[in-house]
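J.: Pasting a predicted model and its sequence here:
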Amino acid sequence: MAANHSVIKADFFHGRCAFGGVRLNMRIIYRDGYPVDSPQDGPTCMLGEFVVKAVTPAGVTRRTARTCQIDFVQGLTLDDLLSQIEINGLHHFCFMEIDEKYFGCRDFM
C-alpha cells in the first residue's frame, strides 16, 4: 500500500455507543498471500474490498497527515452513509499496481 492511503473516519456523538466512531476504507483482497487480480482487461488491477471498522478514539489521530472535517446533516445515520455507498456501487473497487505499489484509494474517497 502506498504511504498516501486515504480513509474516511466518521465520529459518533459522545455517549451514543462504546466506540468513538468508524473507519471506512478500501483494502486489497489477498488470497494465499497474494493480491487477487481483477477480471477486467487493461492495466494491472488488484481487487479491493470495502471495510468498516469500529474505532475507540473520536477525533483526529496522530498518524493523520491531512484532515478535513465535514459536518453531516443532523439526523444522518451510519446506515444512511453506508446505504449511499452501496446504492452507488462505491463498494466495488480495484487498486492500480504501479512499480509493485498500489494506488487508487483516493479515487474512492
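T.: Ah, there it is.
J.: In three-state terms, label Q84 for me.
T.: Recorded secondary structure, Q84: helix (DSSP: H, G, I helix; E, B strand; the rest coil).
J.: What about it, how many residues nearby?
T.: When neighbours are counted by other Cβ atoms under 10 Å, Q84 registers 11. Any C-beta I mention is one placed from the backbone N, CA and C, and that applies to glycine too.
J.: Quickly note the distance from it to M46.
T.: 25 Å (Cβ to Cβ, to the nearest Å).
J.: Quick one: distance of stretch 74-84 to the chain centre.
T.: Centroid separation between stretch 74-84 and its chain, computed with Cα atoms, centre = their mean, to the nearest Å, is 16 Å.
J.: Low-confidence stretches in this protein?
T.: The model of the chain has pLDDT under 70 over residues 1-5, 15-16, 40-43, 105-109.
J.: Nearest residue to the middle of it?
T.: Nearest to the mean C-alpha position of the chain, by Cα atoms, centre = their mean, lies N25 at 1.0 Å.
J.: Which strand residues bridge that residue?
T.: V51 (DSSP bridges).
J.: That one is in contact with G48, isn't it?
T.: No: the pair N25 and G48 does not pass the contact test of Cβ atoms under 8 Å, sitting 9.3 Å apart.
J.: Tell me which residues of stretch 49-56 come out buried.
T.: F50 (16 or more other Cβ atoms under 10 Å).
J.: quick one, helices of this structure?
T.: Here the chain has its helices, by DSSP state H, at 78-87, 105-108.
J.: got these as JSON lines, with distance to Y30 columns?
T.: Shown next, in JSON lines, are the helices of the chain (distance: least, Cβ to Cβ, whole Å):
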{"stretch": "helix 78-87", "distance to Y30": "22"}
{"stretch": "helix 105-108", "distance to Y30": "16"}
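J.: most packed of the ones you listed?
T.: Mean neighbour counts were taken over the helices of the chain using mean count of other Cβ atoms under 10 Å, and the top value, a mean of 16, falls to helix 105-108.
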